[in-house]
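[1] need the 3D shape of this:
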Amino acid sequence: MRRVHCSTVALLLAVTTSAWAAVEPYPTAVQGENVSTKTRAEVTAELREAHRLGLMANVESDFPKVSVGAGSAQTFDGGGPRLSRARVHAETVEAGRLGLLNVGEGVPPVATAEQEELIAAAGRRAAENTLAAQRVSRDAGK
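    Just a heads-up that it's a prediction; the model follows:
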């Protein structure tokens, strides 16, 4: 029994080793050619030209610009991370109320100017409320 077992293992090892050594794992027809004839400067110049002509997406320009009213600049001053969290939470809740949060695949909804202003107003209110609560707690501690 032991002789049969050893013979089987040896035969299996011989077959797999020869098959592994004789067959290229990725034939050159599948791999393609990896040799580039362009210099780094040529590739960089082509990339800049494609950006200039608008042939490539620019991450910053892929997203619409959101304008915020002049009164909101006051809410960004002071308050720290608690103020930012309150503002983001309020804006997210407002966007959800307006049906602008996308779940799953498909085209995401785009907010109108009025909806963007409602979202920004909710964030401003939350920031003002947070600042007022911080003032009250600071004054109560004195």
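[2] grab the nearest non-local neighbour of Met56.
    Distance criterion C-beta to C-beta, 6 or more residues apart in numbering; nearest residue to Met56, sequence neighbours excluded, is Ala50 at 4.7 Å. All C-beta spots, glycine's among them, are computed from the backbone N, C-alpha and C.
[3] check which helix or strand covers the one you found.
    Using DSSP states H and E, Ala50 sits within helix 40-53.
[4] equivalent analysis for Val35, please.
    Under DSSP H and E, no helix or strand contains Val35.
[5] distance-wise, check it relative to Thr16.
    Per C-beta to C-beta, to the nearest Å, Val35 is found 33 Å from Thr16.
[6] the two: which is more packed in?
    Just comparing Val35 and Thr16: by other C-beta atoms under 10 Å the higher neighbour count belongs to Thr16, 10 against 5.
[7] in the helix or strand just after the helix holding Ala50, which residues are buried?
    Later in the chain than helix 40-53, the nearest helix or strand by DSSP H and E is helix 80-97. Within helix 80-97, the residues scored as buried using 16 or more other C-beta atoms under 10 Å are 83, 86-87, 90-91, 94-95.
[8] packing partners for the helix or strand following helix 80-97?
    Counting by DSSP H and E, the next helix or strand C-terminal to helix 80-97 is helix 113-140. With contacts taken as 3 or more C-beta pairs under 8 Å, 6 or more residues apart in numbering; DSSP states H and E, helix 113-140 sits against helix 80-97.
[9] quick one: mean pLDDT for the helix it packs on?
    Helix 80-97 shows a mean pLDDT of 86.
[10] please enumerate residues in contact with it?
    Residues outside helix 80-97 that contact it (C-beta atoms under 8 Å, 6 or more residues apart in numbering) are 75, 101, 111, 118-120, 122-127, 129-131, 134.
[11] re earlier: what about the residue nearest to Met56, neighbour count?
    Neighbours around Ala50, by other C-beta under 10 Å: 11.
[12] pLDDT below threshold where in this protein?
    By pLDDT under 70, the weakly predicted segments of the chain are 15, 17-34, 57-80, 142.
[13] mind doing that once more with 80?
    1, 4-6, 10-36, 51, 53-83, 103-106, 141-142 (pLDDT under 80).
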